[in-house]
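Student: got a predicted model here, sequence first, then my questions.
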Amino acid sequence: MEGGELPWLLVNEIGGIRGILHSHVPFLKKHFHLITMKEFLENRKDVGKKVQAIYLWWHKPVIDKELLQSLPNLKVIANSGVGMDHLDLKLVASFGVKMANAPRAVSSSTADTGMALLLASARRLVEVHNISISQSMEYCEADILGVKVTGATLGIVGMGSIGYKIALRAKAFEMNILYHNRTRRKVQEEQAVGATYCKTIDSLLQQADFVMLVVSLTPQTHKLIGKRELELMKPTATLINISRGAVVDQEALVAALQSGVIGAAALDVTSPEPLPRLPSLLLSREGWASPAEARGVPAAGRKLVPLPLA
């Protein structure tokens, strides 16, 4: 069936690793005639003239000059998430194409992920799971019990829609909440979640037991957390990144974890993403300091357990 009066929408693929979800297809087909990149490439000359929109899922298809030149009637590119750091917006605009994103569509889900990482790292769930299924593990140090979340201080770097939802969730866990943002929230909004504004990121890093990164990737936030910032954090603190991998200097993070400068890291994102399987220090389970080791506890009578790295 031809698209008829429906506008043609280009997607990377349906299903698979980088394709749109099958559950999205019925809705999209009500409004568009769907065409995949494979179908487009097989008949670029004819199909290219009909495509009026592109739907990006997992940053695919890649938007470059060659693709834009192949779509003379393209009007809009819709990004399935909020972040658009993977796009050359000036290039897109030069072709007269509009950009759309979904700044609030996944705010709650992302906030849930942030809290899940915080809880998993605090209670060391990944390690305990590995221990529970290990045939060789006989015992482990008492510190495997982890740390309390209730009463701990959470520092949120980036108090936009997602950051604020994280604060709402953290309040339910009776956490003390600090935040740093380019612009301060209204007093009423701060009071609603019990959050205290930090004028500088340094002040937040020095006080927080958990540091949650919730910023967009920009030239200003690229490697926002590096060696200096990590050294400001408590040696028992956990860094949680749910923004973009490049917001953290990954080499500095590895060094900080290996030397016990900070207690742990829980990462939803990395750079590159996904990490290459080998070699990757972030994926290695050798050489990490245990919490007891980081505090100078004698090695006798304890079992070395790698730090949680979700």
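Tutor: Sure, I can see it. All of these numbers come straight from a predicted model, not from anything done at the bench. Numbers count the residues shown, from 1 in each chain.

Student: how far away is the residue nearest the centre of the chain from residue 211?
Tutor: Nearest to the geometric centre of the chain sits residue 242, at 2.9 Å (Cα atoms, centre = their mean). Note on residue 242: its distance to residue 211, by Cβ to Cβ, to the nearest Å, is 11 Å. C-beta coordinates here come from the backbone N, C-alpha and C atoms, glycine included.

Student: likewise for residue 282?
Tutor: Shown here: residue 282 relative to residue 211, a distance of 17 Å by Cβ to Cβ.

Student: run through the helices of the stretch 201-310 of the chain in chain order.
Tutor: 201-207, 227-232, 250-259, 291-294 (DSSP state H, counting those that start in this stretch).

Student: can you put those in TSV and add mean neighbour count and mean pLDDT?
Tutor: Formatted as TSV, those follow (neighbours: other Cβ atoms under 10 Å; pLDDT from 0 to 100):
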stretch	mean neighbour count	mean pLDDT
helix 201-207	18	98
helix 227-232	17	98
helix 250-259	18	93
helix 291-294	20	43
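
Student: pipe the ones you listed into CSV and attach distance to residue 171 per row.
Tutor: As requested, the helices of the stretch 201-310 of the chain are exported to CSV (distance: least, Cβ to Cβ, whole Å):
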stretch, distance to residue 171
helix 201-207, 17
helix 227-232, 25
helix 250-259, 28
helix 291-294, 27
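
Student: out of these, nearest to residue 94?
Tutor: helix 250-259 (32.8 Å; Cβ to Cβ).

Student: ok, residue 83 touching residue 218?
Tutor: No. In this structure, residue 83 is not within contact of residue 218 by Cβ atoms under 8 Å, at 10.1 Å.

Student: tell me which of the two has more neighbours.
Tutor: Shown here are residue 83 and residue 218; by other Cβ atoms under 10 Å, residue 83 has more neighbours (14 against 11).

Student: what residues are up against the nearest residue to residue 67 once chain neighbours are set aside?
Tutor: Nearest residue to residue 67 in three dimensions, chain neighbours excluded: residue 61, at 6.8 Å (Cβ to Cβ, 6 or more residues apart in numbering). Residues near residue 61 by Cβ atoms under 8 Å, 6 or more residues apart in numbering: 10, 11, 12, 37, 54, 67.

Student: now do the helices in the stretch 51-200 of the chain.
Tutor: Under DSSP H, counting those that start in this stretch, the stretch 51-200 of the chain gives helices at 65-69, 89-94, 107-122, 125-133, 161-172, 187-193.

Student: contacts made by the last one with the rest, please.
Tutor: Translated: helix 187-193. So helix 187-193 is contacted by 164, 167, 168, 170, 171, 177, 195, 196, 197 (Cβ under 8 Å, 6+ apart).

Student: switch the cut-off to 6 Å
Tutor: 167, 168, 171 (Cβ atoms under 6 Å, 6 or more residues apart in numbering).

Student: could you do the shortest one as well?
Tutor: With contact meaning Cβ under 6 Å, 6+ apart, helix 65-69 is reached by residue 95.

Student: tell me the mean pLDDT for it?
Tutor: In this model, helix 65-69 has a mean pLDDT of 94.

Student: buried sites along it?
Tutor: For helix 65-69, burial by neighbour count (16 or more other Cβ atoms under 10 Å) applies to 67, 68.

Student: low-confidence ranges in the stretch 1-150 of the chain?
Tutor: 1-4, 138-143 (pLDDT under 70).

Student: rerun at 50
Tutor: The model of the stretch 1-150 of the chain has pLDDT under 50 over residues 1-3.

Student: what does the stretch 201-310 of the chain give?
Tutor: Residues of the stretch 201-310 of the chain that meet the cut-off, pLDDT under 50, sit at 286-310.

Student: so which residues of it form strands?
Tutor: Taking DSSP state E, counting those that start in this stretch as the criterion, the stretch 201-310 of the chain carries its strands at 210-213, 238-241, 264-267.

Student: direction included, what does the first one pair against?
Tutor: By that I understand strand 210-213. With DSSP bridges as the test, strand 210-213 is paired with strand 153-157 (parallel), strand 238-241 (parallel).
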